[in-house]
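[1] for reference, the sequence and a predicted model appear below.
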Amino acid sequence: MKTARTHLATSRGALLAAALLSATVLAGCATAKDPNCPADARDLPLASLYGRWEARFDGLPAAAAVQLGKHPDYDGVRGTITRNPNNPAKAAVAQLAGDVDDEGALSIDESQDGRAISGVWSGKLQARSCGREFRGTWRNAADQSTHPFVLGKITPVNNTSTAATQAAPTGASSASPGADAPAPKEGKQ
């Protein structure tokens, strides 16, 4: 009888240990102590920002396609955002450039014409997202309106000299963060 109890206690202990180990493994990068899952964007390698992202803006059903790559001139990112990517007739492309600032926010300047800033992004890395989700505010430079956004990673990029580092076509524009926005009139930023 003593042997059966000892065996049962050992089995329970092994089962508990296995359950704890499984919970730890399943948590994966969900713990702040995992070096592969930084809790602060300042701890992310810059290359983790490279690749395809999806941007969603408050209350708008359509997502915008974001492509980021290595900035050729400084330690940051450069790329494009395409609003209405699934509707070529209404697609609008703007240029993006930014970095992670001293407070740990992803800060991106957006330009419709490649010269003037038309929008500003400021977002925080989301806990347990392992560098795959930022949430923050997009500010329209034309009217100072602000719109909450979620920027989610779709795929990483293997080649840092991708099209994301090239300038967006001149003249492509969008007046608001969402889909189906009319293009601004010439001369207005």
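    Sure, I can see it.

[2] from now on I want contacts and neighbour counts done on CA atoms only, so please keep to that.
    Will do.

[3] give me the number of residues near residue 59?
    Residue 59: 10 surrounding residues under other C-alpha atoms under 10 Å.

[4] over to residue 63?
    Residue 63: 21 neighbours (other C-alpha under 10 Å).

[5] all strands of the protein, in order?
    51-57, 64-70, 77-83, 92-100, 105-111, 119-125, 133-140, 146-155 (DSSP state E).

[6] possible to save those strands as CSV with mean pLDDT and distance to residue 36?
    Putting those into CSV (pLDDT from 0 to 100; distance: least, C-alpha to C-alpha, whole Å) gives the following:
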stretch, mean pLDDT, distance to residue 36
strand 51-57, 96, 18
strand 64-70, 97, 20
strand 77-83, 97, 21
strand 92-100, 96, 18
strand 105-111, 97, 19
strand 119-125, 96, 14
strand 133-140, 96, 15
strand 146-155, 95, 16
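
[7] save the ones you listed as a markdown table, and put in mean neighbour count and distance to residue 41 too.
    Listed next are the strands of the chain as a markdown table, based on neighbours: other C-alpha atoms under 10 Å; distance: least, C-alpha to C-alpha, whole Å:
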| stretch | mean neighbour count | distance to residue 41 |
| --- | --- | --- |
| strand 51-57 | 22 | 16 |
| strand 64-70 | 25 | 16 |
| strand 77-83 | 26 | 14 |
| strand 92-100 | 24 | 7 |
| strand 105-111 | 22 | 7 |
| strand 119-125 | 22 | 6 |
| strand 133-140 | 21 | 9 |
| strand 146-155 | 18 | 13 |
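
[8] would you format those strands as a markdown table with distance to residue 42 included?
    Below are the strands of the chain laid out as a markdown table (distance: least, C-alpha to C-alpha, whole Å):
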| stretch | distance to residue 42 |
| --- | --- |
| strand 51-57 | 18 |
| strand 64-70 | 16 |
| strand 77-83 | 14 |
| strand 92-100 | 6 |
| strand 105-111 | 8 |
| strand 119-125 | 9 |
| strand 133-140 | 13 |
| strand 146-155 | 17 |
